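Visitor: Make a model of this:
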Amino acid sequence: MINSNKIMEHGWGKSQQEGDKRFLPGLRNRVINQFWKQLVIWICILFALFPIVWVISAAFDPANSIAGQRLIPKNASLINFEKLFNSEQQPFLIWMYNSYKVAISNSFLVVCISSLAGYAFSRMRFRGRRTGLFGIILVQMFPQMLAMVAIYLIVFRIGQYIPALGLDTHAGLVLVYMGGSMGVNVWMIKNYFDTIPYSLEESAMLDGATPFQLFSRIILPLTTPILVVVFFLQFIGIYSEFILARVLLASNDKFTIAVGLQSFIADQYSKRWGVFSAAAIIGTVPVMILFWLLQKQLITGLTSGAVKN
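Guide: Numbering: from 1, shown residues only. This next block holds a predicted model:
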């Protein structure tokens, strides 16, 4: 008789070998896939960090040359920062103040007007509602660059009757920025309003709340995340915008930081890359701090509006 234990051991060993043959190739494939994923991620990280590191290196390099720039400067110093703040022809602090004034005022006005318009499109039913929504999307399909000449002429004509809103004024620039970004923000806030249950407003209406009280005391507190998102995206876009500001602003003391930075490298024979890099670093720090303070609200606002309740 054949020993049953030997048969069982033989069968167990054979099945274990077959299992190892199936497991090892799968493990090898997972390791290889993980390796390539990590490699691609690190390449993307290095590709994104290299310009930042290079700008930081140029800011501390007194050589003031891109051709002979090294990743780690030989004689690192703060001379570029001293030139930046001591220059009378390039008032960097005034440019930063102008950028903050234009970006904050524009962002605040856009949030206020877009929230009112988004609430109307989300909760109210009126004639022309669908046409208005379609028109907003249609206008946003065309970039502002196509209307650059028309924008310039409109602002020029407005300035002849209302000088405070004409060319070379921050108020006129703010109005142009508002007109170009209002549509997409209205859609973002309107879609977020659609996720809020209407039963909350019905309960408040039974208690005698007016439409303005519904909007200000019930809807707005619930939509804080998307309002923060709109404010932050608008602030970043305006703070770093160059083309419209360069076309509509002419005075040196009216420049924003994006337009002012061009003056450091505009001259063909005396490009000050070190001072330019120092100004770029200082101008980026406030945006990084703002993002760090509002990152929780940004994540909540960007994710909540995409989920239907």
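
Visitor: number of nearby residues for Asp194?
Guide: 15 (other CB atoms under 10 Å). In this view, the C-beta of every residue, glycine as well, is placed from N, C-alpha and C.

Visitor: what does the model give it for pLDDT?
Guide: The per-residue pLDDT reported for Asp194 equals 85.

Visitor: Now do the same contact list for the closest residue to it other than its chain neighbours.
Guide: Ranked by CB to CB, 6 or more residues apart in numbering and with sequence neighbours excluded, the top spatial neighbour of Asp194 is Ser122, at 5.4 Å. Residues near Ser122 by CB atoms under 8 Å, 6 or more residues apart in numbering: 190, 193-194.

Visitor: can you list these in a markdown table and add distance to Phe156 and secondary structure?
Guide: What follows is these, written out as a markdown table (distance: CB to CB, whole Å; DSSP: H, G, I helix; E, B strand; the rest coil):
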| residue | distance to Phe156 | secondary structure |
| --- | --- | --- |
| Lys190 | 33 | helix |
| Phe193 | 37 | helix |
| Asp194 | 40 | helix |
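
Visitor: ok, these vs Leu206, which is closest?
Guide: Phe193 (20.4 Å; CB to CB).

Visitor: which residues in the chain form helices?
Guide: For the chain, the helices defined by DSSP state H cover 4-59, 79-86, 92-123, 129-140, 148-161, 170-194, 199-206, 211-213, 220-222, 224-239, 243-248, 257-262, 273-304.

Visitor: which stretch among the ones you listed comes nearest Gln69?
Guide: That would be helix 4-59 among these, by CB to CB, at 5.7 Å.

Visitor: With distance to Gln69 added, can I get the helices of the chain in a markdown table?
Guide: Below are those laid out as a markdown table (distance: least, CB to CB, whole Å):
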| stretch | distance to Gln69 |
| --- | --- |
| helix 4-59 | 6 |
| helix 79-86 | 13 |
| helix 92-123 | 22 |
| helix 129-140 | 40 |
| helix 148-161 | 34 |
| helix 170-194 | 34 |
| helix 199-206 | 58 |
| helix 211-213 | 58 |
| helix 220-222 | 50 |
| helix 224-239 | 27 |
| helix 243-248 | 27 |
| helix 257-262 | 18 |
| helix 273-304 | 8 |
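
Visitor: Could you point out which of those sits nearest Ser65?
Guide: The nearest among those, by CB to CB, is helix 273-304 at 6.9 Å.

Visitor: Who are the packing partners of the closest one?
Guide: With contacts taken as 3 or more CB pairs under 8 Å, 6 or more residues apart in numbering; DSSP states H and E, helix 273-304 sits against helix 4-59, helix 79-86, helix 92-123, helix 224-239, helix 257-262.
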